[in-house]
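A.B. asks: Need a 3D model of the sequence below.
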Amino acid sequence: MNVTAKNHDEVSALLTVTLEKKDYANEVEKRLQKYAKSAKVPGFRKGKVPLSLVKRQYEAGIAFEEINKKVSTALNDYVKENNIKLMGQPIPRPTENLDHNAEQLSVSFEIGFEPQLSIDISKYKAPFYRVRPSDKEVDQSVRNMQRRFADKQVVETIHDESHVEAEVTLTSMHNEEKGHVHLPKNIEVSKEQKEAFKLLKAGKVGEVIKFSAEVLGKNQELAKELGISWEEVAHMKKDESVEVRIKEIYVLKLHEVNQELFDKVYGEGIVKSEEELKEKIKVELEDYFKFNSEAYFFNKILEDIIAEQEVKLPEEFLAKWLLSSNENVKTEEEAKEILEKEKEQLKYQIIEGKLIDDHKISIDYVEVMEQAKVAVKNQLVMYGMHNLSDEEIEKYAVEMLKQEEQVRKISSDVKRNKLKAMVLKHAEREYKEVSHEDFLEILKK
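C.D. replies: The predicted model follows:
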């Protein structure tokens, strides 16, 4: 058994697997003999079927199964031994009159593979922004904490500081007795939801505001604030109307900035004064901003690598592979169009894979679990839960990792974080100090 390669260029080749009959003959013979012992053939007792009859009926099928096994193994071994990074899957060349009884036979495959690259991370540099949190941002964080633990006070009328809980339903205008077409949706509205707040501002508890579905078609922002997706709006019938029933109106009495608030946010005794609170918030904001600065630096370095590196793709092969493997792709032109759209992403994946391989980046379950805990903590912080125990966080993380999609996502995050750490270690940083506001403007560019 032998595999030879004939390169078309630096990213595609023809692999030919050559088998001698002796490479598979013994396996074929063993399977035929085993089958003869158990075969049920009319006119013969079990185990007494002549081997010649079994061969006549089954030898060709069994031989081609064994040939396929040998070819597949040889192909995979060659790819692995020569460290070939395949793109797509090998495409077999049509073979006419393949004779399993021949002393020698050959099967050929077209392959496409990633180009050889050399990337020296230390040669690349990019801006690394040190983002300073402002007093205004620190004060806003304090206010957010006050709002999170505010007391709710029910009121009768709506004013600028009010929050409104309402129920939104879609109903038939011509036959309301048939009931609602869609289940009610509960929403909360404040002045931040400008369009919905304007709609409800003159209302009172128990009042129902009713209007035709066509109104939403002209006001996408109102639809969004009422919890109705643009897709739902598009599918509404002309005889449908929207009803918004005001369930409750309340204002929030902000929590005082005192020890009770400190303990609710961070746990008992962790923070003991407003000055300590603001200092802790400042550190948290700096850590958050640093995370974003690192992400910006990492992405900028990768962008520069992609722009500089000439990443040749096996375009002709990939077009053939798409055409042969995807039943929805009917023509070569369609395949080329798809490939054109995916080019940049393919180049990015090749460069990312090269960096991962060169720097021997790998992940294990412990790292995936730790990343899951981070994801859980971040989600809980969004809901104002800062002081859960390690045991509770791990419990949530274990549940998260029972979902296959979450495992894939978190594993990808771990690998990307390790890749980012490698880039941060080796690439050159050009430090610049900016405000958070200026940094946000930089991110928009």
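A.B. asks: in this structure, which helix or strand is least confident?
C.D. replies: helix 230-234 (a mean of 81; mean pLDDT, DSSP states H and E).
A.B. asks: residues making contact with that helix?
C.D. replies: His182, Ala213, Leu216, Gly217, Gln220, Ala223, Lys224 (C-beta atoms under 8 Å, 6 or more residues apart in numbering). For every residue, glycine as well, the C-beta is placed using N, CA and C.
A.B. asks: If we use 10 Å, what do you get?
C.D. replies: 170, 182, 213-220, 222-224, 226, 242 (C-beta atoms under 10 Å, 6 or more residues apart in numbering).
A.B. asks: Please identify which pair of the residues you listed lies farthest apart.
C.D. replies: Across those, the longest distance by C-beta to C-beta is 19.7 Å; it joins His182 and Lys218.
A.B. asks: the strands in the stretch 51-200 of the chain, which residues?
C.D. replies: 91-92, 104-112, 125-132, 151-154, 162-172, 185-189 (DSSP state E, counting those that start in this stretch).
A.B. asks: Report the rounded mean pLDDT for the last one.
C.D. replies: Per-residue confidence for strand 185-189 averages out to 92 on the pLDDT scale.
A.B. asks: And it, what's buried?
C.D. replies: Buried residues in strand 185-189, counting neighbours by 16 or more other C-beta atoms under 10 Å, are found at Ile187, Val189.
A.B. asks: returning to that earlier point: dump the strands of the stretch 51-200 of the chain into CSV; add distance to Thr18 as well.
C.D. replies: Formatted as CSV, the strands of the stretch 51-200 of the chain follow (distance: least, C-beta to C-beta, whole Å):
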stretch, distance to Thr18
strand 91-92, 14
strand 104-112, 5
strand 125-132, 51
strand 151-154, 80
strand 162-172, 69
strand 185-189, 67
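A.B. asks: now for those strands, which one comes closest to Glu20?
C.D. replies: strand 104-112 (5.6 Å).
A.B. asks: Summarise which helices and strands the closest one is packed against.
C.D. replies: If you count contacts as 3 or more C-beta pairs under 10 Å, 6 or more residues apart in numbering; DSSP states H and E, strand 104-112 packs onto strand 2-9, strand 12-20, helix 51-81, strand 91-92, helix 315-325.
A.B. asks: what would these look like in CSV with mean neighbour count and mean pLDDT?
C.D. replies: CSV is the format used below for those (neighbours: other C-beta atoms under 10 Å; pLDDT from 0 to 100):
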stretch, mean neighbour count, mean pLDDT
strand 2-9, 12, 95
strand 12-20, 18, 96
helix 51-81, 15, 91
strand 91-92, 14, 94
helix 315-325, 19, 93
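A.B. asks: what comes up buried for the least confident helix or strand of the chain?
C.D. replies: Val233.
A.B. asks: Just the CA coordinates for it, please, in CSV.
C.D. replies: C-alpha atoms of helix 230-234 as CSV (Å, rounded to 0.1, in the frame of the first residue of the first chain):
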residue,chain,number,x,y,z
TRP,A,230,-40.5,43.5,13.8
GLU,A,231,-41.2,40.0,12.4
GLU,A,232,-44.4,39.8,14.4
VAL,A,233,-45.4,43.3,13.1
ALA,A,234,-44.8,42.1,9.5
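A.B. asks: Quick one: mean pLDDT for stretch 158-177?
C.D. replies: 77.
A.B. asks: one step back: tell me which of the helices and strands packed on strand 104-112 lies nearest to Lys418.
C.D. replies: Comparing the helices and strands packed on strand 104-112 by C-beta to C-beta, helix 51-81 comes nearest, at 24.0 Å.
A.B. asks: That closest one - contacts with which helices or strands?
C.D. replies: Partner elements for helix 51-81 (3+ C-beta pairs under 10 Å, 6+ apart): strand 2-9, strand 12-20, helix 25-38, strand 104-112.
A.B. asks: Please list the residues outside the longest one that contact it.
C.D. replies: So the one you mean is helix 25-38. Taking C-beta under 10 Å, 6+ apart as the rule, helix 25-38 contacts 21, 39, 44, 46-55, 57-60, 62-67, 69-70, 100-101.
A.B. asks: pLDDT below threshold where in this protein?
C.D. replies: Applying pLDDT under 70 to the chain flags the ranges 172-183, 381-386.
A.B. asks: and it, what are its domains?
C.D. replies: 2-112, 151-253, 271-444 (automatic domain parsing).
A.B. asks: Of the ones you listed, which is nearest Asp120?
C.D. replies: Using C-beta to C-beta, those put domain 271-444 closest to Asp120, at 8.7 Å.
A.B. asks: what inclination does the longest strand anywhere in the chain have with respect to strand 162-172?
C.D. replies: The longest strand of the chain (DSSP state E) is strand 240-253. Angle between the axes of strand 240-253 and strand 162-172 is 170 degrees (criterion: axes from the mean of the first three to the mean of the last three C-alpha atoms, to 10 degrees).
A.B. asks: what's strand 240-253 packed up against?
C.D. replies: Looks like strand 240-253 contacts helix 135-148, strand 151-154, strand 162-172, strand 185-189, helix 194-200, strand 208-212, helix 214-217 (3+ C-beta pairs under 10 Å, 6+ apart).
A.B. asks: Out of these, which is closest to Glu367?
C.D. replies: Closest among these, using C-beta to C-beta: helix 135-148, at 30.6 Å.
A.B. asks: Ok, which of the helices and strands packed on strand 240-253 comes nearest Leu388?
C.D. replies: When these are ranked by proximity to Leu388 (C-beta to C-beta), helix 135-148 comes first, at 15.2 Å.
A.B. asks: before we move on, the earlier item: for the helices and strands packed on strand 240-253, give me CSV that also has distance to Ser108.
C.D. replies: Listed next are the helices and strands packed on strand 240-253 as CSV, based on distance: least, C-beta to C-beta, whole Å:
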stretch, distance to Ser108
helix 135-148, 64
strand 151-154, 74
strand 162-172, 61
strand 185-189, 60
helix 194-200, 65
strand 208-212, 67
helix 214-217, 59
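A.B. asks: right, and the ones you listed - which one's nearest Asn326?
C.D. replies: Here helix 214-217 is closest among these (C-beta to C-beta), at 37.0 Å.
A.B. asks: Can you list the buried residues in the closest one?
C.D. replies: Within helix 214-217, the residues that qualify as buried are Leu216, counting by 16+ other C-beta under 10 Å.
A.B. asks: residues in contact with that helix?
C.D. replies: 170, 199, 222-224, 226, 228, 230, 232-234, 236, 238, 240-242.
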